[in-house]
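Q: here's a sequence, model it:
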Amino acid sequence: MRLLTAIVMVTAFLSTPALADGTRTWEQSRFDDLTKGTADGVALRSTGGLELAPAFKLLYTAPSTYIWSIASDSGGNIYAAAGSPGRVYRVTPDGKSIIIFNPPELQVQALVVDRNGIVFAGTAPDGKVYKVEHKPGADSQTSAASDKSKDQVDPAWTSSVYFDPGTKYIWDLALDNAGNLFVATGDRGEIYRVTPQGEHTVFFKSDEAHIRSLALDPAGNLIAGSDGSGLVYRVAPSGEAFVLYSAPKKEITSLALDSAGNIYAAGVGEKRPSIIPVPFNAPNPPAPTVTPMPGQGQPAMVVTNPNPMMTALTGFPAPGAGATGGSEIYKIAPDGSPTSLWSSHDDIVYALAFDPQGRLLAGTGNRGHIFAVESNGDFVDLVKAGASQVTAFAKAPRGGLYAAGSNLGKVFVFGPGPQSEGSYESDVFDAKIFSRWGRTEYRGAGNVELFARSGNVDNPDRNWSAWKKVDLQKDGEAPIPPARFAQWKAVLHSGNPAPRVNSVTLNYLSKNVAPDIDDISVQVGFRYQPVPKPMAGAVDLGGGSAGAPSQPHFEPPVPSIRDHDSIGVKWAAHDDNDDQLVYALYYRGDGESRWLLLKDGLSDKFYSFDASLLPDGGYTFKVVASDAPSHSPGEAMTSEKESGRVALDTTPPRVDHLSAALVGDKIHITFVAVDNFSPIKRAEFSIDASDWQYVEPVDQISDSKSENYDFRVPVPVESQASGADPKRSQAKPSTDHVVVVRAYDRYDNMSAAKTIVRAQ
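A: As a prediction, this is how the structure comes out:
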């Protein structure tokens with residue numbers, strides 16, 4: 001998915017939201033949009049669009065929950081290594097099955113089949129390699145013809161311990177052309193080689209805890225992937241090893257080699273210690289208890305779960321278990337140079353293989369998808385299997401593939417050709433408003449039928465209109481009734497040329513509705529700063545389709561500054577049609593019946609003006625919103641909303657009759673504070689530039705437009721020269737004193753006055 005981000009960014013930049021009403025479009029072509037729909041036999045391209053998926057059908061459902069590995073013989077029979085319970089199943093090409101091996105261990109983790117039809121099965125934990133073979137002359141046709149799985153092992157098959165490495169885990173097996181069996185183990189990170197004669201040696205010892213995956217190249221080199229540091233090794237036939245690549249991920253879950261000598265490796269998990277959760281979630285299991293197992297570098301877990309289908313996982317570190325951070329696929333060229341080919345934040349890659357066309361396939365969980373990855377990193381989401389994880393691939397007759405799934409354990413047949421027919425239903429589109437649906441625009445090729453339907457609830461199963469075929473020969477007419485919701489469906493039929501859907505666009509016209517004004521606020525003493533206008537063609541950050549109404553647009557807060565001489569009015573408004581709006585601002589004084597226009601033609605949702613334009617008094621403001629810029633003359637709609645009453649007082653009070661006189665050793669001060677609109681809030685005085693001191697009115701309560709003040713304060717003591725006798729300080733003033741008073745009204749308007757007390 002490396003290129004997907006760039007594609008989405010470019011598409012978002014080119015798809016600018018409509019700022020006007022009229023005909024709108026709902027287009028679907030991008031991968032992210034198409035994944036929201038439902039595909040049946042249809043594949044989704046990362047570059048956008050639909051095509052027929054490869055043929056994919058269920059062949060067999062196992063009694064076991066997990067199928068870890070599969071292999072096939074020359075007759076097309078499948079051998080499945082399973083767990084919970086641990087079994088090896090033999091499945092014929094027509095889906096008949098028998099049990100050929102029932103080990104004492106909990107899991108059959110890996111298996112291979114040699115050219116003679118002998119099965120080598122690796123078990124875990126306390127892993128051993130078993131040799132499972134058909135008894136000479138025994139007849140198992142009766143059992144093989146039965147389509148019912150039995151609990152007992154078919155008597156025509158026998159098993160024996162072929163190799164016991166004395167390690168806990170056997171993760172993978174590989175056979176070379178000489179019949180040597182390579183065994184990848186865990187706990188000590190060793191690879192063993194077992195000759196056809198049964199002789200065994202440690203072929204390679206790594207410093208990793210686990211060797212997870214194996215593959216052989218044409219030169220006989222063994223390619224191995226580790227868990228711990230995510231290393232890809234190349235081990236020569238002599239046992240000499242070389243690290244080809246240290247992946248950013250901790251675990252290499254699968255390896256594949258193409259005919260050109262390129263090595264593909266799937267990496268999962270973050271390189272950090274963590275408690276690993278259960279790898280596969282059985283249907284509706286009780287919550288497991290997970291604790292880390294002791295041991296340095298040990299990625300295992302202990303799972304306590306009362307569900308019998310999960311008992312096989314007790315103490316068992318399954319491949320890819322608990323991987324976080326998604327997965328990646330790396331390509332290592334023949335010269336050793338690595339590149340990151342594909343990545344996903346959501347899907348964990350468990351298996352790699354090649355389809356008949358040579359495309360790299362990735363089987364993933366926990367959504368059970370199979371992806372085809374191109375050499376340039378583009379990909380196709382081919383199939384969603386009926387299992388939570390796609391864990392393994394094997395060759396099938398006539399150029400197809402077998403695919404194994406877990407949760408529940410299943411075997412599918414994949415390919416080799418495409419489906420004869422596939423269908424895709426889009427997600428439900430919400431126009432937000434009752435709308436008329438017009439022509440459907442289609443880009444594609446091949447034999448494709450297009451349908452559409454509409455309804456007024458978000459669930460199409462609740463009495464929507466029937467599917468109506470879109471007549472692509474008559475300019476895409478779609479006779480679906482007007483409604484709020486719509487959906488389209490494409491049916492692809494195989495043929496030449498191959499069917500493809502590149503994009504589908506529905507045209508619609510929403511019924512115009514009046515805009516809504518949600519709130520109005522008035523701030524006295526504040527001025528709003530202009531907000532820079534967005535550039536033409538700016539990207540819609542709302543995340544919706546281009547042209548869709550009522551998408552959430554980010555509106556930054558309006559900056560404001562304190563300005564005593566200004567009044568700011570701002571409002572919040574929206575339009576369900578997503579129309580462009582224009583505003584007019586009106587005001588009306590107390591006792592007045594007529595609204596007076598303050599400003600019209602506003603595109604911003606705020607307006608500041610000089611407070612002196614309005615005399616002191618009570619006012620109500622009204623905002624009128626119109627969608628006229630988005631409609632033809634005569635078709636615009638308006639709405640209006642009034643603010644609460646706001647008292648405006650920008651005129652300071654008066655200080656009248658200020659008088660100050662010397663009475664004994666005190667100064668007697670009197671004055672009157674008067675305001676024409678609001679009550680006096682407080683008064684203060686200062687003598688000879690001393691600190692301001694609060695003074696109460698005569699009646700001690702400041703609740704009137706006119707307040708009388710009458711109070712006495714001591715005469716300030718004269719400052720003495722340095723060295724003067726403090727006892728000779730004068731109580732009577734020998735100099736003049738300046739008395740200043742100031743008064744505030746309820747809206748913090750202030751006025752001041754002064755007088756002089758003369759010396760005696």
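Q: low-scoring stretches of the chain, by residue?
A: The model of the chain has pLDDT under 70 over residues 1-21, 140-150, 272-324, 532-554, 718-734, 760.
Q: how about the helices in it?
A: Counting by DSSP state H, one finds helices in the chain at the ranges 4-14, 31-34, 141-145.
Q: how far away is residue 37 from residue 427?
A: 5 Å (CB to CB, to the nearest Å). Yep, even glycine has a C-beta here, placed from its N, CA and C like the rest.
Q: and the two? Which one has more around it.
A: A count of neighbours by other CB atoms under 10 Å puts residue 37 above the other of residue 37 and residue 427, at 19 against 14.
Q: okay, now the residue nearest to residue 491 when sequence neighbours are not counted: neighbour count?
A: Leaving out its chain neighbours, the residue that sits closest to residue 491 by CB to CB, 6 or more residues apart in numbering is residue 449, at 4.4 Å. When neighbours are defined as other CB under 10 Å, residue 449 has 15 of them.
Q: partners of the longest strand anywhere in the chain, with directions?
A: Counting by DSSP state E, the longest strand found in the chain is strand 429-445. Strand pairing for strand 429-445, using DSSP bridges, gives strand 483-493 (antiparallel), strand 500-510 (antiparallel).
Q: switch those over to TSV; also include distance to residue 204 and mean neighbour count.
A: Shown next, in TSV, are the strands paired with strand 429-445 (distance: least, CB to CB, whole Å; neighbours: other CB atoms under 10 Å):
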stretch	distance to residue 204	mean neighbour count
strand 483-493	49	21
strand 500-510	48	21
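Q: isn't the residue nearest to residue 491 right up against residue 488?
A: No. In this structure, residue 449 is not within contact of residue 488 by CB atoms under 8 Å, at 11.1 Å.
Q: for stretch 352-362, buried residues please.
A: 352, 353, 354, 355, 359, 360, 361, 362 (16 or more other CB atoms under 10 Å).
Q: kindly report the same for stretch 701-716.
A: Buried, per 16+ other CB under 10 Å, within stretch 701-716: 702, 707, 709, 711, 715.
Q: count the residues that sit near the nearest residue to the second one once chain neighbours are set aside.
A: It stands for residue 707. Leaving aside its sequence neighbours, residue 707 sits nearest to residue 697 (CB to CB, 6+ apart; 4.0 Å). Neighbour count of residue 697, defined by other CB under 10 Å: 21.
Q: residues in contact with the closest residue in space to residue 48 that isn't next to it in sequence?
A: Nearest residue to residue 48 in three dimensions, chain neighbours excluded: residue 29, at 4.5 Å (CB to CB, 6+ apart). Residue 29 makes contact with 48, 49, 443, 502, 503, 504, according to CB atoms under 8 Å, 6 or more residues apart in numbering.
Q: how close does the third one get to residue 29?
A: Translated: residue 443. In terms of CB to CB, residue 443 sits 8 Å off from residue 29.
Q: overlap in contacts, these two.
A: Contacts common to residue 443 and residue 29, judged by CB under 8 Å, 6+ apart, are 502, 503, 504.
Q: which parts of the stretch 151-300 of the chain are strands?
A: For the stretch 151-300 of the chain, applying DSSP state E, counting those that start in this stretch gives strands covering 157-163, 169-175, 181-186, 190-194, 200-205, 210-216, 222-227, 231-235, 241-246, 251-257, 263-268, 289-292.
Q: of all the ones you listed, which lies closest to residue 465?
A: strand 263-268 (45.5 Å; CB to CB).
Q: list the helices and strands the closest one packs on?
A: strand 251-257, strand 327-332, strand 348-354 (3 or more CB pairs under 8 Å, 6 or more residues apart in numbering; DSSP states H and E).
Q: alpha carbons of the second one, in PDB - could you do that?
A: Spelled out, that is strand 327-332. Extracted in PDB, the C-alpha atoms of strand 327-332 (Å, rounded to 0.1, in the frame of the first residue of the first chain):
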ATOM      1  CA  SER A 327       2.900  -6.100   8.000                       C
ATOM      2  CA  GLU A 328       5.300  -5.500   5.100                       C
ATOM      3  CA  ILE A 329       6.500  -7.500   2.100                       C
ATOM      4  CA  TYR A 330      10.100  -7.100   1.100                       C
ATOM      5  CA  LYS A 331      11.700  -7.900  -2.200                       C
ATOM      6  CA  ILE A 332      15.400  -9.000  -2.300                       C
END
